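>>> A predicted structure for the sequence below; I have some questions about it.
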Amino acid sequence: MKNYTITVNGNVYDVTVEEGSGSAAPAAAPKAAPKAAPKAAPAPAAAAPAAGGAGAVKVAASVPGKVFKVEASVGQAVKAGDSIVILEAMKMEIPVVAPQDGTVASIDVTVGQAIESGDVLATMN
């Protein structure tokens, strides 16, 4: 068995891998390590001015990609889980949903805009 420490998106994981017959089955599921990530990702500077003073709840991108479609509009009431923006990443459409019930205060992106993970896409009240 071999132990590895792997960092993915700033999260550190300890992983144990069994050496064996070459089967594709994983030996063990990764578990979160109680270590701090060596370096935090920088805050997106481009999104900060657009989100200033809008809503209290920020809706951020979970993956880098491109804005495929904006499904909500400013002033629209949304429920937790309602799609606000759809991102395109690696030829997949990924919905970004409202984290809670509320009203859309701002949409801070446009269709076709390239975004990074963590960028603020919209705000809610």
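Cool, the structure landed. Residues are numbered from 1 along each chain as shown.
>>> Compute the first-to-last residue distance for stretch 100-119.
Length of stretch 100-119, first residue to last, Cα to Cα, to the nearest Å: 18 Å.
>>> how about stretch 100-111: buried residues?
For stretch 100-111, the neighbour count (16 or more other Cβ atoms under 10 Å) marks Gly102, Val104, Ala105, Ser106, Ile107, Asp108, Val109 as buried. To be clear about C-beta, it is placed using only N, CA and C from the backbone, and glycine gets the same treatment.
>>> Quick one: the helices in this structure, in order.
Secondary structure of the chain, counting by DSSP state H: helices at 47-51.
>>> Have a look at it and report the helix or strand with the lowest mean pLDDT.
One helix or strand of the chain scores below all others by mean pLDDT, DSSP states H and E: helix 47-51, with a mean of 40.
>>> Got the domain ranges for the protein?
2-32, 47-124 (automatic domain parsing).
>>> ranking the ones you listed by mean pLDDT, which is last?
Lowest mean pLDDT within the domains of the chain: domain 2-32, a mean of 71.
>>> In space, what's closest to Thr110 - neighbours in sequence excluded?
Val67 (6.5 Å; Cβ to Cβ, 6 or more residues apart in numbering).
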